[in-house]
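Asks: Quick one: sequence plus predicted model below, questions after.
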Amino acid sequence: MHPSKDIKGTKGGGLEGRKIVLGITSSVAAVKSPELARELMRHGADVQVVMTPNATDLITPQLMHWATGNEVVTELTGKIEHIDLAQWADLVIVAPATANTVSKISWAVDDTPVTSVVSVAMGLLKPVVLVPAMHASMYNDKLFQESLERLRKAGVHLLEPIFEEEKAKFPSVENVVNRVLEILGPKDMVGVKVLITAGPTIEPIDPVKLITNRSSGKMGIALARAASLRGASVTLIYGPGDEIPPSNVETIRVQTTREMKDAFDKELEKKPDVVAAAAAPQDFVVEFPSKEKLRHAHEIMLKLKPAPRILDDIRKRAPKTFVIGFKAEYGVNDEQLVEAARKKLGEHELDMVVANDVSRSGAGFGTETNEVIIFTPSKREKIRDTKDGIARAILDLAKKDSRAK
């Protein structure tokens with residue numbers, strides 16, 4: 001086996017056993033293609049690459065051979081590579097896709113190895129994903145938009161670019177991989193209703209100043225994304241964070257802890273199968289917020305009182321729901337973290353607690369990674385991974401419980 005394939009499955013098995021053809025065309029965004037191929041492999045996929053002749057002027061076939069461990073197709077010969085690749089693939093993705101290639105595909109023009117593979121794949125009813133990348137003026141051209149509409153009607157999956165600096169830029173590799181996971185990944189949560197809280201809450205001191213914390217909501221949003229990719233119906237209650245919630249998730253925006261609590265109680269009446277309370281609501285609220293802006297000329301004494309607790313009486317109100325709590329600590333060791341998780345598990349009769357120490361490197365608020373201890377009545381598991389990877393691990397463990405199936 002080629003040594004580059006050693007990375008397969010290191011970020012999860014969502015694409016295990018899946019075969020993906022990656023088409024590369026002559027956009028400068030082709031520099032992202034090696035990273036994309038490797039990320040697909042890290043989720044378990046086997047990746048074969050096909051390139052247009054002009055794409056080889058930007059990145060070499062040898063680089064993509066290294067990235068995937070598979071030979072790269074750059075021309076069609078008597079071996080009829082386009083037929084072989086399309087029949088082999090579970091999915092064909094063209095990333096990046098130039099305006100030229102997108103337009104050709106929309107009119108079934110097969111004059112490059114990439115367009116020929118796509119044509120065969122579409123004829124075989126294989127899923128096809130296009131990731132356009134070009135100058136914004138080309139993307140906005142009326143005739144090009146008509147081509148995109150033709151492709152949508154034909155069932156082609158189109159991933160919207162990011163518009164910056166007058167360019168329709170290649171989206172993040174993470175977003176591309178997530179779209180592939182959405183199409184090919186396991187759908188083992190179809191019919192499961194999931195309720196998630198995420199982000200901080202704020203409590204006013206006066207009309208301008210407030211109390212909050214540094215929570216970004218990344219972990220809760222990662223859980224929402226992972227559950228929706230697996231087919232669950234997800235409702236996300238999200239405080240005033242800056243992260244962008246998944247587009248296919250019902251999102252309820254809130255500000256204060258009371259608003260989050262009220263929204264949570266209302267959604268709990270719909271009897272979700274899984275609850276993940278990943279938010280970091282405030283522990284205290286100002287008892288008497290000022291109705292006028294407070295000035296700094298004088299000392300101010302603030303009286304704080306306990307804020308509403310989101311999970312109070314959760315087991316009484318949702319006896320059959322699989323409930324996941326989160327516990328953030330600061331400056332503790334693993335045993336202290338486990339003890340905090342154990343205490344929270346018993347206090348609310350939870351099914352699982354995910355505990356972390358926000359003081360640890362790469363595990364605090366706003367980071368892309370985390371280090372957590374997942375604690376249940378029967379086991380504990382320490383995981384250090386991206387928040388998306390941890391979200392998948394949490395759902396994998398939750399699925400093993402009969403109430404979450």
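Replies: Nice, thanks for sending it over.

Asks: Other residues contacting stretch 390-399?
Replies: 12, 14, 188-189, 219, 222-223, 225-227, 230, 274, 276, 322, 324, 351-352, 354, 370, 372, 374, 376, 381, 383, 385, 404-405 (CB atoms under 8 Å, 6 or more residues apart in numbering). Bear in mind the C-beta positions are built from the backbone N, C-alpha and C, glycine included.

Asks: Show me those residues that map onto strands.
Replies: 274, 276, 322, 324, 352, 354, 370, 372, 374, 381, 383, 385 (DSSP state E).

Asks: Local confidence estimate at the first one?
Replies: Same thing as residue 274. With respect to pLDDT, residue 274 scores 96.

Asks: what number of residues lie near it?
Replies: By the criterion of other CB atoms under 10 Å, residue 274 has 27 neighbours.

Asks: Give the full set of residues in contact with it.
Replies: Contacts for residue 274 (CB under 8 Å, 6+ apart) come out as 192, 193, 194, 195, 227, 232, 321, 322, 323, 324, 398, 404.

Asks: what sits opposite it in the beta ladder?
Replies: Applying DSSP bridges to residue 274 gives these bridge partners: residue 194, residue 322.

Asks: Return the distance of it relative to residue 16.
Replies: 23 Å (CB to CB, to the nearest Å).

Asks: With the last one instead?
Replies: With distances taken as CB to CB, residue 385 is found 17 Å from residue 16.

Asks: Tell me the one of the ones in strands among the contacts of stretch 390-399 nearest residue 69?
Replies: residue 385 (23.4 Å; CB to CB).

Asks: tell me which residues of the longest helix anywhere in the chain are tucked away?
Replies: As assigned by DSSP state H, the longest helix anywhere in the chain is helix 334-348. Neighbour counts over helix 334-348 (16 or more other CB atoms under 10 Å) mark 337, 338, 340, 341, 342, 344, 345, 348 as buried.

Asks: Enumerate every residue touching the second one.
Replies: This points to residue 338. By CB under 8 Å, 6+ apart, the neighbours of residue 338 are 355, 373, 375, 380.

Asks: Swap in 6 Å and give it another go.
Replies: Contact partners of residue 338, counting by CB atoms under 6 Å, 6 or more residues apart in numbering, are residue 373.

Asks: now the first one
Replies: Contacts here follow CB under 6 Å, 6+ apart; on that basis residue 337 touches 329, 355, 357, 373.

Asks: Bridging across strands, which residues link to the last one?
Replies: The one in question is residue 373. Listed beta-bridge partners, residue 373: residue 355, residue 382 (assigned using DSSP bridges).

Asks: surely it meets residue 356?
Replies: No - look at residue 373 against residue 356 with CB atoms under 6 Å: they stay out of range, at 7.4 Å.

Asks: Appreciated, that's everything.
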